[in-house]
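> have a look at this prediction, sequence included:
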Amino acid sequence: MITRREWIAMMCAAPGAAPLVRSAAAAAAPASPVSIARCASYDEDVTARLAAMFDQLGGLERLVRAKTVTIKVNMTGSPGLRVRGKAPALTHYTHPKVLGATAYLMGRAGAQRIRFVESAWASGGPLEEMMLDAGWNVRQLIAAAPVVEFENTNALGKHKRYARFPVPGDAYMYPAYDLNQAFEETDVFVSVAKLKNHATCGVTLSLKNCFGNLPASIYGDDAGKDEPNERPARGRESVGHRGTRRPPKSAPQELHFGASHDPGYRVPRIVADLAGARPIDLAVIDGVESIAGGEGPWIGGLRLVQPGVLIAGLNPVSTDAVAAAVMGYNPRTTRGAAPFRSCDNMLLLAEARGAGSADLTRIDVRGLTIEQALYRYES
Amino acid sequence: MLAALGWVAGWCAPAPQAWVPMRWPWQDARSLDLLAGTPINCLLLEAYSPDLVAAAEKRGLVTLERIAPGGDTMAAARAALARGVSGIVLEGSFAEGTAAAVRTEAVSRPVIEITARNHLALGSAAPVLGTWQGVWPGIPTEDHGSSRMAGPSGSAWIDTNTGFIRTVRAWGDAAVWLANTPPAGEVITTERYLQAIADAAISGGRWVVALDRGFAGRLAAGDASARVSWQRMGALLDYFERHPEWRAMREAGKLALVQDPAKGGLLSGGILDMIAVKHTPVTPVPPQRLTPEALAGAAVAVDVDAGALTAPEEAVLRNFARSGGTVLTSPAGFKDERPPGDSITLSKAELDRFNDIWRDVNSLVGRQNLGVRLFNVSTMLSNVLASPDGKTEIVHLVNYSDYPVENVTVQFLGAYRRATLLTPDGADKTLQVYAADEGSGVDIDRVAVCATLKLEL
């Protein structure tokens, strides 16, 4: 078995490894411990695994006691789309057992309110219905903690107005983002993501998961010209990915509209912006069962994978860096090499704005080592 | 002649409405042993031995010789009757008057017509309305093998005959036969056969069982896996035949669709199937049968071709609206038209036209519970039926994917307190009924190909 130091040396020597040119902000970006645990199946005691991991990170109580916790789940695409007929949670959605266990542990640690959020694909309807359509037992999620709520952040949802989140420092794409108010009514923001690739961004993980914070009512292809469209029925291709149209006038406008229509340039920068605008306090990555080769069934050439791991950390950039390494990637690779073949590295973009460190040499990995958890996503 | 007399004397077969038909691909009498464990009791024959007919008669089976257009139909019919078959099937497009002439020749023996959809004798006294035109049920795949879908938003489309069957059944109590055959050049898995059976049965029709040549050959040769497939088909046929009460039930729910079968009502992939894919319970109502009684229980009526209604029909809808119902009419200038020729599906242009109505229906229905709402059923179709006394409701579910579906949620209106899941394997399961946002709900762990939720007061 190779040592952690040998593993890091190997990663840095891998083809496509970039010179580690860092800004002052990147060098000063915080690094937090990351925990990795083995979980071969969702039939195992997921709650016990996560409890041990959270303890390794310093315990949940100090993080969530008497707080409102917002948990961003990953339910990308229509729940009707399946990879080889499998339940979405076994392929590209975060698994409800991971979510339920997280909510249970947070409730036990004294969280006042737990709210699951996701921008349900092409819908402004209740998030619970999307979960039911994914085959989730919503009643079990509700029972996981004393107060559990749900919000579809694809539009106003149960709220009356949008909340504006300025991007601190130098924004890449937008000076601020208008999001569902649930993100404002949050003391602790948790991104529960899936360990998988992404066609546009190379990997998904906890940072990219929060691209889904954007309401399609504002950043969607069918958003209004002046005001949000409260019945969104499409994705975010033209505003987010390609920059061929602007969000409604009511929302902050793109800083350099028309400068780039390359999704591989735009989406990682929006993700990095969002990491500053709505910081993630806890990142949990579900790598028990997943897919490799893309983020959902609409991507060709997917493979089913069973890395059998859970990863968690208090800093999303550090957590994603470790997760990328577990997938067999160098988290500091730049555009042109796997997994960032046709995109910029959002981890480095976020790091450059001080959101966290993607430098494995600065990250204290607890539980399993990266090499113990290694599961190569490239076939 | 003697054979014919023998038939008259000995025949005590079930009524045509109870026939469970199959295109019998074998000629010898021993092949009838394959019927053990199946409810199939009506054989459509083309080439066969006298022994086969005699043996079938002994077993109480109905034998129908299939006659196709092209030759001397009357001579063929006389020859068939002389061979002692129970009756005749005329399949295809025959010259006008042919069927009547054959019936005269057959005297009391039944003559069943299997026609193009647009030649079905709706409203006639025919005990069986059959058509050779059907889509092969299932989720169509693109050339590269994946399901037909478009990006992250696309859900799989399901080819189905359910809308057609519902429309025909809205006209009366005749048995509806779907006599389409497996598509040539495709590998038909067991699941696809099961889906074809269930697709017809959940709407009260019967698929005329037809095996592809390879399957029939393997089955006759005693191939073990073919036998298992055949047993599963027999069990599924038996599942529906064990519940004749289901065929007496009628569509339930609060949405009625007023559409003329003489126009788009008999198509597959039309507005009725679009609604079915959304799992909204819907009752088709032909304008010719549009009465206040036909709209009883409905809260929403969709009039597909508003300009084509007669004054009395319009009055029914007007009164429905006055009494609190919602009427959605087609866009101005929209006409529901039958496609040219014998086509049973919509062209791209027609689909685009229907999309205008579909958007309106979708917007109107939204997330309303119009009787039943189902979740995690994107690869399934359903049909909601109610008993005449209103005390029992059933929700048929058919899964068109090659994989079982787990964790289906059903939310339903009404004060049903008991819920039972019935499956073809016979293991009935009582489900816990819990309160839901609107009405009640139950969770179903797993649906392989077919299951039925039975709700009782």
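Here it is on my side, so go on.

> the longest helix along chain A close to chain B?
In terms of residue count, the longest helix belonging to chain A (DSSP state H) is helix A:263-277. No: using CB under 8 Å from any CB of the partner chain as the criterion, no contacts between helix A:263-277 and chain B are found, and the smallest distance is 13.9 Å. To be clear about C-beta, it is placed using only N, CA and C from the backbone, and glycine gets the same treatment.

> that helix packs against which elements?
strand A:162-166, strand A:176-180, helix A:205-209, helix A:346-352 (3 or more CB pairs under 8 Å, 6 or more residues apart in numbering or on different chains; DSSP states H and E).

> what sits up against it?
In this structure, residues lying in contact with helix A:263-277 by CB atoms under 8 Å, 6 or more residues apart in numbering or on different chains are A:165-169, A:171-174, A:176-177, A:200-201, A:207-208, A:210-211, A:213-214, A:240-243, A:260, A:316-317, A:335, A:342-346, A:349-350, A:352-356.

> just the buried ones out of those residues, please.
Neighbour-count burial (16 or more other CB atoms under 10 Å in any protein chain shown) applied to those gives A:165, A:167, A:171-174, A:177, A:200-201, A:207-208, A:210-211, A:213-214, A:240-243, A:316-317, A:335, A:343-346, A:349-350, A:352-356.

> out of the helices and strands packed on helix A:263-277, which gets nearest to chain B?
Proximity of the helices and strands packed on helix A:263-277 to chain B was assessed by CB to the nearest CB; the nearest stretch is helix A:205-209, lying at 14.6 Å.

> so which elements touch that closest one?
By 3+ CB pairs under 8 Å, 6+ apart, helix A:205-209 packs against strand A:188-194, helix A:263-277, strand A:282-287, helix A:316-326, helix A:346-352.

> got the contact list for the spatially closest residue to B:L346 that is not a sequence neighbour?
Closest residue to B:L346 in three dimensions, ignoring its sequence neighbours and counting by CB to CB, 6 or more residues apart in numbering or on different chains: B:G269, at 5.5 Å. With CB under 8 Å, 6+ apart as the criterion, the residues that contact B:G269 are B:V135, B:D159, B:T345, B:L346, B:L351.

> taking those, please make a PyMOL selection of just the buried ones.
To isolate the buried subset of the contacts of B:G269 in PyMOL, counting by 16+ other CB under 10 Å, use the following:
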select buried, chain B and resi 135+159+346
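
> of the contacts of B:G269, just say which sits nearest to B:S382.
Distance to B:S382, by CB to CB, is smallest for B:D159 among those, at 15.7 Å.

> leaving out sequence neighbours, find the closest residue to that closest one.
Ranked by CB to CB, 6+ apart and with sequence neighbours excluded, the top spatial neighbour of B:D159 is B:V135, at 4.3 Å.

> identify the residue spatially nearest to residue 279, adjacent ones excluded.
If you meant another chain, say so; for now it's chain A. For A:P279, the closest residue by CB to CB, 6+ apart turns out to be A:F189, at 6.7 Å.

> please refer instead to chain B.
Distances taken as CB to CB, 6+ apart place B:L374 nearest to B:H279, at 4.5 Å, with adjacent residues excluded.

> in its sheet, which strands sit next to the strand or helix carrying the one you found, and in what direction?
Per DSSP states H and E, B:L374 falls inside strand B:372-375. Partner strands for strand B:372-375, per DSSP bridges, with pairing direction: strand B:405-412 (antiparallel).

> what distance do you get for the closest residue to chain B within the stretch 251-379 of chain A to A:T76?
At 5.2 Å from chain B, A:W298 is the closest residue in the stretch 251-379 of chain A, using CB to the nearest CB. For A:W298, the distance to A:T76 (CB to CB, to the nearest Å) stands at 10 Å.

> and the two? Which one has more around it.
In this view A:W298 and A:T76 are compared by other CB atoms under 10 Å in any protein chain shown, and A:T76 has more residues nearby, 28 against 21.

> what about the chain, any weak spots by pLDDT?
As the question left the chain open, I've gone with chain A. Counting by pLDDT under 70, chain A has low-confidence residues at A:1-22.

> correction: the question concerned chain B.
Chain B contains residues with pLDDT under 70 at B:1-13, B:141-155.

> just give me the residue right at the centre of it.
B:A200 (2.8 Å; CA atoms, centre = their mean).

> how about that one: what's its closest non-neighbour residue?
The spatial neighbour of B:A200 that comes closest, neighbours along the chain excluded (CB to CB, 6+ apart), is B:W207 at 4.1 Å.

> now B:M274. Its backbone dihedrals?
Here the main-chain torsion angles of B:M274 (degrees, to the nearest 10) amount to phi -60, psi -40.

> the strand holding B:L374: what's the following helix or strand?
Downstream of strand B:372-375, the first helix or strand assigned by DSSP H and E is strand B:380-386.

> that following strand pairs with which strands, parallel or anti?
Under the criterion DSSP bridges, strand B:380-386 sits next to strand B:250-251 (antiparallel), strand B:392-399 (antiparallel) in its sheet.

> deepest of those, which one?
Relative to the other members of those, strand B:392-399 carries the highest mean neighbour count by mean count of other CB atoms under 10 Å in any protein chain shown, namely a mean of 24.

> residues of chain A that sit close to chain B?
Counting by CB under 8 Å from any CB, the residues of chain A near chain B are A:76-82, A:84-87, A:121-122, A:125-126, A:129, A:132-137, A:139, A:234-235, A:296-298, A:300.

> 7 Å - rerun?
Near chain B, the residues belonging to chain A are A:76-78, A:80-81, A:85, A:87, A:121-122, A:125, A:129, A:132-135, A:137, A:235, A:296, A:298 when assessed by CB under 7 Å from any CB of the partner chain.

> which among the residues you listed count as buried?
When these are checked for burial by 16+ other CB under 10 Å, the buried set is A:76-78, A:80-81, A:87, A:121-122, A:125, A:129, A:132-135, A:137, A:235, A:296, A:298.

> neighbours of B:A221, just the number please.
Residues contacting B:A221 under the criterion other CB under 10 Å number 8.

> one step back: tell me the most buried of the helices and strands packed on helix A:205-209?
Of the helices and strands packed on helix A:205-209, the one with the most neighbours on average (mean count of other CB under 10 Å) turns out to be helix A:316-326, with a mean of 30.

> helices and strands around that helix, which ones?
In this structure, helix A:316-326 makes packing contacts with strand A:34-38, helix A:205-209, strand A:282-287, strand A:309-313, helix A:346-352, helix A:370-373, judged by 3 or more CB pairs under 7 Å, 6 or more residues apart in numbering or on different chains; DSSP states H and E.

> list the contacts of the fifth one.
To tie it back to what came earlier, the one meant is helix A:346-352. When contacts are taken as CB atoms under 7 Å, 6 or more residues apart in numbering or on different chains, the neighbours of helix A:346-352 outside the stretch itself are A:23, A:25-26, A:29, A:172, A:201, A:207-208, A:268-269, A:271-272, A:275, A:317, A:320-321, A:324, A:331-332, A:356-358.

> again, only using 6 Å
By CB atoms under 6 Å, 6 or more residues apart in numbering or on different chains, the surrounding residues in contact with helix A:346-352 are A:23, A:25-26, A:29, A:201, A:207, A:268-269, A:271-272, A:275, A:317, A:320-321, A:331, A:357-358.
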